[in-house]
Structure formats: C-alpha cells, structure tokens
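**Q** Structure for this input, please:
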Amino acid sequence: MSNWNDTAIPAAAWLLPVGTPGGINSGLDGVPAGSGIVRLGDEIIRLDAGMYRLWRGAAAAPPTGELISWGNAQGIDDAAGRVRELKTAGLLIQDGPDVHRRVGQLALRLIGECLGNGLEAGPTFLLLGRNHARLLVDAYLYEVLLRSDGVSPVSVLCDAVDASRHLPRGRPSVEALADGLPTLVRNEVVLLEAAIR
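**A** Purely as a prediction, here's the structure:
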C-alpha cells in the first residue's frame, strides 16, 4: 500500500475534479453494482465506489495531501494510488506550472448563478453558488462565466474576452480564471468538463 509521501504528488497542491457526477448506481445495463459514474463530455466512466468517493471529495478543491488523508481515514484502500489513477485518467487536475494550459483545454459549465452588478455600474459582479455562497469577481471573469456553455474550450472563451478589452489589463483571463477555480468549484459556481467543440 502506497503512502502519499512516496509519490510525486505535492501534498499542498489543490485538486479539482473534471466531469459531471452521476452518483453510485446499481441495476444499470453494463454497470457493475455499486459503481460510481462520471460523465466526461460524451463518455460515461465507471469507477469503483472508493475511487468515486475520492473523486467526489475533490469537489471541495482540497490540497492533495488532505484528500489522501481523508480517503485513508474513510478506509479507502490505497488512496494515494487512486488519486494518481484519477489524475492519469484526466478526472482530477492538480495545481502546477502548466495548470493554465490544462484548464484551457477543458470546458466550464456554470452551475451557480450570475447575479450581475446591480442598477448602477460598478467594478465587481456578484455570483451565487449552489451552496448559497456569494462571490465577487471582476467584469472579465464574469464575462468568461457568462460565455461558458459547458462544451467550448476555456481558452477560446478567454481569448474572446481578452480580445474585447478596450484597455490592456495585463494577465490573460485564462490565468486569472485558473487561479480562481478552486474557489469557484468549492462554492459550486462551476464544474470542469471535457470540451467537445
């Protein structure tokens, strides 16, 4: 049995799940009883119950070490190995130097609500997560979320927003989005999905 300290996974780096949860299922044709189901684009992926629980646990955008410790405490065999498998399968994204590129290849699905910036122009826009959290973002990130259709690559959406800027803002939107994703995922504003366009 592996210990997460034996792996190349930095313990403090956050993890994000990719795909749409389908729950634990039994009695579906071709699905072993007790399997967890994840939809990734047009693909349905079956995971054993322990692997599915780890994947769902990543919805809190935890640090890697915290997710592995939680999995071990829950009695999930070889939690570190399972996290590695989920990363290899593209079902978990870990923070790192190329996170902007990896996020850019995926799609965003808005599951929260864009509430706007009110009756008077203001620099911040309000988002409401499914968990009822209220988050403030700038106009560019807000526009990226408004344009998110769940199928188009994030990089395409961010490039369109960046091209529409009247004044140079510095950082590309995809970098700002990637930095904010743990908060957006944790507060149930967005899900990461496979881009299918």
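**Q** ok, now how distant is the residue lying farthest from the centre of the chain from residue 69?
**A** Of all residues in the chain, residue 120 has its C-alpha farthest from the mean position, at 32.1 Å, by C-alpha atoms, centre = their mean. Distance of residue 120 to residue 69, computed by C-beta to C-beta, to the nearest Å: 47 Å. Heads up, the C-betas are built off the backbone N, CA and C, glycines and all.
**Q** for this protein, what spans make up the strands?
**A** 15-17, 20-25, 35-40, 43-47, 92-94, 106-110, 113-116, 124-128, 134-138, 190-194 (DSSP state E).
**Q** Nearest to residue 156 among these would be which one?
**A** For residue 156, the closest of these is strand 106-110, at 9.4 Å, according to C-beta to C-beta.
**Q** With just CA atoms, put the closest one into PDB.
**A** C-alpha atoms of strand 106-110 as PDB (Å, rounded to 0.1, in the frame of the first residue of the first chain):
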ATOM      1  CA  LEU A 106     -11.400  21.900 -20.800                       C
ATOM      2  CA  ALA A 107     -14.900  23.400 -20.700                       C
ATOM      3  CA  LEU A 108     -16.700  25.300 -17.900                       C
ATOM      4  CA  ARG A 109     -20.300  24.500 -17.000                       C
ATOM      5  CA  LEU A 110     -22.000  27.200 -14.900                       C
END
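**Q** which other residues reach that strand?
**A** Contacts with strand 106-110, where a contact means C-beta atoms under 8 Å, 6 or more residues apart in numbering, come from 18, 20, 93, 144-145, 148-154, 157, 177, 189-197.
**Q** can you list the domains in the protein?
**A** Per automatic domain parsing, the structural domains of the chain span 4-96, 101-194.
**Q** can you redo those as TSV with mean pLDDT?
**A** Conversion of the domains of the chain to TSV gives the following (pLDDT from 0 to 100):
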stretch	mean pLDDT
domain 4-96	89
domain 101-194	91
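**Q** give me every residue that touches the nearest residue to residue 184 once chain neighbours are set aside.
**A** Among residues not flanking residue 184 along the chain, residue 190 sits closest, at 4.8 Å (C-beta to C-beta, 6 or more residues apart in numbering). When contacts are counted by C-beta under 8 Å, 6+ apart, residue 190 touches 108-112, 145, 148, 181, 184.
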